[in-house]
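Trainee: next input, structure requested:
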Amino acid sequence: MRPAPLYRWAAAFAATSLLLAVPIQAIAAADPHAEIAAALFAASATQEAVVRAADVKLSAAQAKIGALAAQVRAGKAARAELIAAQEGFVAQLADKDRAYAQAIAAFRGAVTDIAATPQGAEALAEFNDGHVAEALSILDKLRAAEDAARKTASDIASAARRREIAAVALDGRAKGEDSTADVIARYEDVTRLDPGVAWDWITLSRLYQDAGRLADARHAAQQADVAATTDRDHAAASTELGDILVTSGDLAGARKAYDAAGQALTRLAMAADATAWSQRDLAIAFERLGDVEGAQGDLAAAADSYHRSLVISRGLAAANLDVPQMQADVWIALSKVGDALDAQGDVAGARKAYEEGLAICRRLAAAAPGDIALQRSLAVAVGLVGNVLREEGDLVGALGAYGEGRDIDRKLAAADPGNASLARDLSVGETQVGDVEEAGGDPAAADKSFDAALAIARQLAAADPADSRLQADISGILDRVGDVRAEAGDLAGAAQAYDEDVAIVRKLVAADPSNASLRGGLALSLGRVGNVRLAQKDLAGAKQAYGEARDILIKATAADPSNARVARNLEVIVGKLGDMALAAGDLAEAKADFVEALDVTRRLAARAPGDNEAQRDLMIGLQELGDLARKQGDAAAALTNYRQDLTIARTLAAADPRGERDVAVALWKLAETDGSGVRWADVVAQMHMMQAKSLLAAADEGQMHEAEQNAAKETAR
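Mentor: Now for the predicted structure:
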């Protein structure tokens with residue numbers, strides 16, 4: 001009878017010398033399939049798993065297979081029936097015991113390798129029949145496979161305990177009681193011992209990202225997808241990989257990863273047993289998709305994706321009031337919606353979204369003051385409100401918001417010095433405060449804040465050169481350093497900062513040419529270079545920088561006509577080129593530039609008739625064209641532009657009395673132009689009205705006296 005070989009190794013070794021003395025009869029060609037099935041069924045790992053299971057039905061099935069083997073040897077049963085029974089038994093046992101499944105998989109690999117050749121299959125057959133001497137070398141391989149199987153089972157058991165400890169450490173990190181580096185080491189240990197759990201890899205990937213180890217984060221996300229066994233696991237791994245690829249600047253790769261995640265999540269959300277968490281995952285997928293669409297410059301598509309995410313998140317939050325995570329999801333979706341609205345020029349809509357999100361964050365953070373993630377979210381939320389307050393001109397309110405966010409960031413970064421994400425948050429917070437300090441006329445304070453931000457950003461970028469975000473951070477801070485230096489009259493220092501900035505952004509664009517945001521950033525940086533070159537009287541250098549910026553922005557507006565910011569940037573750059581041409585006496589080129597700029601402004605104003613900034617830009621553009629027409633002797637064209645200018649100025653003044661000065665300027669231009677029908681007395685009346693309402697600035701009183709003199713001369717004539 002055939003013994004169960006793996007648990008009879010000791011006896012086999014003891015009998016080796018005797019077996020060598022017994023002649024072996026020739027045997028028929030072995031069936032690899034049958035021999036592998038027999039080895040797996042008789043493996044010690046199988047026998048031990050049966051004992052652990054203590055399952056009467058399993059023991060009965062094992063005995064039945066033993067009886068079937070005897071029938072096969074007697075020629076009373078088919079070998080195929082025995083193979084099927086043995087394989088079925090092993091598969092059934094693996095379904096019940098994950099440690100055994102891992103162990104027997106390792107053993108299967110070894111015996112399958114052994115049976116890969118006819119000689120190996122025959123050796124395995126002799127081994128299964130107990131002919132140890134002839135299968136001595138194969139025995140060594142099987143022993144190694146058995147050792148590997150035992151080690152795998154032991155590692156998995158050890159990993160289970162270490163996973164529990166790592167989870168506690170992860171929670172401690174969220175509360176500021178453990179470091180990022182320590183938790184990373186724990187999860188590295190878990191995944192080394194048991195690489196088959198997708199969420200271990202996902203957690204490790206997120207930790208690597210926080211530590212600034214982007215290459216390791218990407219590898220961990222890929223390993224998560226390999227280990228994934230469900231749609232949710234695959235979706236989570238693909239989403240994580242997409243996030244990392246976005247950070248690395250690979251938008252095409254990120255889009256592919258998010259598409260894979262979306263397909264898996266859609267299947268989950270449409271299933272009859274769909275849960276709230278599968279719906280949440282789908283909301284996150286829409287959010288990630290919106291991020292990529294926004295980065296590619298498709299703001300309308302991004303806004304739509306963010307709105308879909310918000311609708312799902314609101315529904316989940318309303319149905320799960322006791323789940324803080326789902327309440328926080330509403331804030332995240334609102335912040336994304338606000339970003340898209342702000343990018344499209346809807347500042348009021350953005351502020352409404354941001355303020356609703358901030359109220360949610362304050363409530364959640366107050367309920368869990370030790371939760372680092374919630375405190376970090378609060379810092380971000382107040383910063384977003386600070387952004388729109390600054391756009392609206394409320395510098396005091398913006399500085400208060402940014403200062404609150406920076407104070408939170410400082411505490412969090414100090415509590416976990418190894419956390420690159422928290423350090424980056426602090427760099428951003430210092431930059432935001434510096435922005436408002438500069439805008440508020442405190443360049444010394446701004447310079448100090450920018451220096452602190454730049455030092456952090458350079459340190460982070462040196463530690464992880466592959467992270468494109470960190471390079472972009474340096475670029476943005478250098479812009480601000482250049483602005484402060486230029487305002488202080490240090491043109492050489494400003495040029496140095498701007499030139500370094502352009503060099504960084506060029507590299508980022510070269511690495512990711514499809515990234516619309518990066519291309520737009522390059523255009524802005526070139527605009528700054530043009531400004532400082534112009535201030536240095538380097539007209540050729542200024543024109544070259546402005547011209548390159550215009551070419552970039554023209555392509556960007558063609559690709560996304562709805563992007564108000566890009567269009568406004570184009571209007572400004574083309575206007576500067578027109579100013580240069582006008583100063584150089586090239587009236588034809590100046591006119592072409594001013595007409596181009598005005599066309600852009602008209603489109604902006606038409607899309608947002610309630611946007612006073614766009615209307616004022618249109619008014620200024622009409623003034624510039626009117627002035628140019630007068631220089632060219634074209635009074636009719638000048639009058640047409642000035643009259644349109646006056647109409648807009650009066651409309652704006654009706655809504656905001658501060659616009660009365662623009663009405664006075666428009667009347668002045670018309671009074672200077674023959675045939676306008678506007679008299680200097682009209683200008684005087686407008687300025688007297690402003691004076692009576694305390695709208696006339698002291699600097700304008702001299703112009704009022706000049707208008708009065710012109711009116712007197714006009715009457716005398």
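Trainee: surely D447 meets E487?
Mentor: No - D447 lies out of contact with E487 (CB atoms under 8 Å); the separation is 10.1 Å. Every C-beta, even on glycine, is put in place using the N, C-alpha and C of the backbone.
Trainee: and those two? which has more neighbours close in?
Mentor: A count of neighbours by other CB atoms under 10 Å puts D447 above the other of D447 and E487, at 18 against 13.
Trainee: what residues go with each domain of the protein?
Mentor: The chain breaks down into these domains under automatic domain parsing: 5-156, 175-274.
Trainee: A217: which element?
Mentor: Element membership of A217 [criterion: DSSP states H and E] is helix 214-227.
Trainee: any low-confidence regions in the stretch 1-150 of the chain?
Mentor: Residues of the stretch 1-150 of the chain that meet the criterion pLDDT under 70 lie in 1-29, 119, 130-139, 142-143, 146.
Trainee: related to what we said a few turns ago, can you redo the domains of the chain as TSV with mean neighbour count?
Mentor: Compiled in TSV, the domains of the chain are given as follows (neighbours: other CB atoms under 10 Å):
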stretch	mean neighbour count
domain 5-156	17
domain 175-274	20
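Trainee: dump these to JSON lines, plus distance to E500.
Mentor: Output for these, formatted as JSON lines (distance: least, CB to CB, whole Å):
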{"stretch": "domain 5-156", "distance to E500": "50"}
{"stretch": "domain 175-274", "distance to E500": "19"}
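Trainee: list the contacts of the nearest residue to K411 once chain neighbours are set aside.
Mentor: Once flanking residues are discounted, K411 sits nearest to Q375: 7.9 Å by CB to CB, 6 or more residues apart in numbering. Q375 sits next to 365, 369, 408, 411-412 when contact means CB atoms under 8 Å, 6 or more residues apart in numbering.
Trainee: please tell me how far stretch 195-211 is from the chain's geometric centre.
Mentor: The chain centroid and the centroid of stretch 195-211 are separated by 17 Å, computed with CA atoms, centre = their mean, to the nearest Å.
Trainee: go on, stretch 58-75?
Mentor: Distance of stretch 58-75 from the chain centroid (CA atoms, centre = their mean) equals 59 Å.
Trainee: average pLDDT for the helix or strand following the helix holding A217, rounded please.
Mentor: Counting by DSSP H and E, the next helix or strand C-terminal to helix 214-227 is helix 231-248. Helix 231-248 carries an average pLDDT of 88.
Trainee: avg pLDDT for the next helix or strand after helix 231-248?
Mentor: Per DSSP H and E, the first helix or strand lying C-terminal to helix 231-248 is helix 251-270. Helix 251-270 carries an average pLDDT of 86.
Trainee: angle of helix 251-270 against helix 214-227?
Mentor: 40 degrees (axes from the mean of the first three to the mean of the last three CA atoms, to 10 degrees).
Trainee: which helices and strands sit right next to helix 251-270?
Mentor: Applying 3 or more CB pairs under 8 Å, 6 or more residues apart in numbering; DSSP states H and E, one finds that helix 251-270 makes contact with helix 231-248, helix 276-295.
Trainee: if we can go back for a sec, mind checking how far the residue nearest to K411 is from V382?
Mentor: Distance of Q375 to V382, given as CB to CB, to the nearest Å: 11 Å.
Trainee: so G196, which state does it fall into?
Mentor: coil (DSSP: H, G, I helix; E, B strand; the rest coil).
Trainee: what sits against the nearest residue to it once chain neighbours are set aside?
Mentor: Excluding its sequence neighbours, the residue lying closest to G196 (CB to CB, 6+ apart) is A227, at 5.3 Å. Under the criterion of CB under 8 Å, 6+ apart, the neighbours of A227 are 195-198, 200-201, 233.
Trainee: now render those residues as TSV, adding distance to E714.
Mentor: Formatted as TSV, the contacts of A227 follow (distance: CB to CB, whole Å):
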residue	distance to E714
P195	90
G196	92
V197	89
A198	84
D200	86
W201	83
D233	83
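Trainee: closest one to L526 out of the residues you listed, please.
Mentor: Set against L526, the nearest of those by CB to CB is W201 (42.0 Å).
Trainee: quick check, pLDDT for that closest one.
Mentor: pLDDT, read off for W201, is 96.
Trainee: for the residue nearest to it when sequence neighbours are not counted, give its distance to D501.
Mentor: Take W201 and drop its neighbours on the chain: the residue closest to it by CB to CB, 6+ apart is A224, 3.6 Å away. Computed as CB to CB, the A224 to D501 distance reads 37 Å.
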